[in-house]
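**Student:** Please work out how this folds:
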Amino acid sequence: MKARVYVFIILMFVLAGCAELMNVLQTTGTAPLTEADVINGLKEALITGAKNSASKLAAENGYYGDALVKIPLPDEAKTIVENISKILGGDQLVEDVILRINRAAEDAAKEAAPIFVNSVTQMTIADAFNILNGADNAATTYLRNTTYDQLYQLYKPRIQASTEKDIIGNISTKESWNSLTSKWNKIANSVAGKIAGLKPVNTDLDNFLTSKALSGMFLKVEGEELKIRKEVSARITPVLQKVFGSLDKKTN
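**Tutor:** Numbering: from 1, shown residues only. All right, here's what the predicted structure looks like:
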């Protein structure tokens, strides 16, 4: 009888110890991650990173003032740039065009965040775990795959409107571009041009500039994602700390 009592007492201590251990695990954030933790944490991270990126680029000089994302003219535009530079004020005219293009991208970025948020709300549990355990840019890749087409449709009309505005002598950036490339292509496609190894230029200006603008957006998103994955201070909520803290433990 006494033996049974001793066993019972020992079991009570063990069970009490387990309960206390679970409380410690819960309060220290080391309890196993649930599916809800992962998907909520990843959604929060994606929304935070995307909103931060869009906000930075939507600010004045968000594109234009950042060398990493500033949108240039295509390389094929060097001839235009060189020729305009020969006239008084030509350099400023070129820079005005580049400024206008980047301002158009900054304007489009103001409406990018809702597109990102809508994509995040569609995230599945499988998506969340793939992102959590994926590469350091897995979340950015997810957003690129699910939002690129919508963002393209958002950005392109603004870029297009910018390139169609007259810059000098009632000639727009796009008209100058089309004139330049058509003349070049005529030469490149001639017998002499082919012998000389000249290549025709088929760059669509609006498509090129829109693609550059989106590349800049996703570059910023990727930077925000890396912060959350690598910097504890960037995990500003308990759920972010718990979810991404689990990755820290795996690497230690």
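**Student:** what residues does the helix or strand harbouring residue 184 touch?
**Tutor:** Here residue 184 sits within helix 173-188, counting by DSSP states H and E. With Cβ atoms under 8 Å, 6 or more residues apart in numbering as the test, helix 173-188 has contacts from 76-77, 79-80, 97, 100-101, 160, 162-165, 167, 193-194, 198-203, 205-206. In this view, the C-beta of every residue, glycine as well, is placed from N, C-alpha and C.
**Student:** If any of these are buried, put those into a PyMOL selection.
**Tutor:** Of these, the buried ones go into a single PyMOL selection, burial set by 16 or more other Cβ atoms under 10 Å:
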select buried, resi 76+77+80+97+100+101+160+162+163+167+193+201+205+206
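**Student:** Please narrow the contacts of helix 173-188 to those residing in helices.
**Tutor:** 79-80, 97, 100-101, 160, 162-163, 193-194, 205-206 (DSSP state H).
**Student:** So which of those residues sits lowest on pLDDT?
**Tutor:** Among those, residue 80 has the lowest pLDDT, at 65.
**Student:** In a markdown table: the ones in helices among the contacts of helix 173-188, plus distance to residue 171.
**Tutor:** Converted to a markdown table, the ones in helices among the contacts of helix 173-188 look like this (distance: Cβ to Cβ, whole Å):
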| residue | distance to residue 171 |
| --- | --- |
| 79 | 15 |
| 80 | 11 |
| 97 | 11 |
| 100 | 14 |
| 101 | 16 |
| 160 | 16 |
| 162 | 14 |
| 163 | 12 |
| 193 | 25 |
| 194 | 30 |
| 205 | 14 |
| 206 | 17 |
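**Student:** Just give me the closest of those to residue 227.
**Tutor:** Nearest to residue 227 among the ones in helices among the contacts of helix 173-188, counting by Cβ to Cβ, is residue 101 at 28.3 Å.
**Student:** Just the buried positions in the helix holding residue 184, please.
**Tutor:** Buried residues in helix 173-188, counted by 16+ other Cβ under 10 Å: 173-174, 176-177, 180-181, 184-185, 188.
**Student:** Spatially nearest residue to the most centrally placed residue in the chain (excluding sequence neighbours)?
**Tutor:** Closest to where the C-alpha atoms of the chain average out (Cα atoms, centre = their mean) is residue 218, at 1.9 Å. Using Cβ to Cβ, 6 or more residues apart in numbering and skipping residues adjacent in sequence, the residue nearest residue 218 is residue 144, 5.4 Å away.
**Student:** so what's that neighbour scoring on pLDDT?
**Tutor:** What the model reports as pLDDT for residue 144 is 95.
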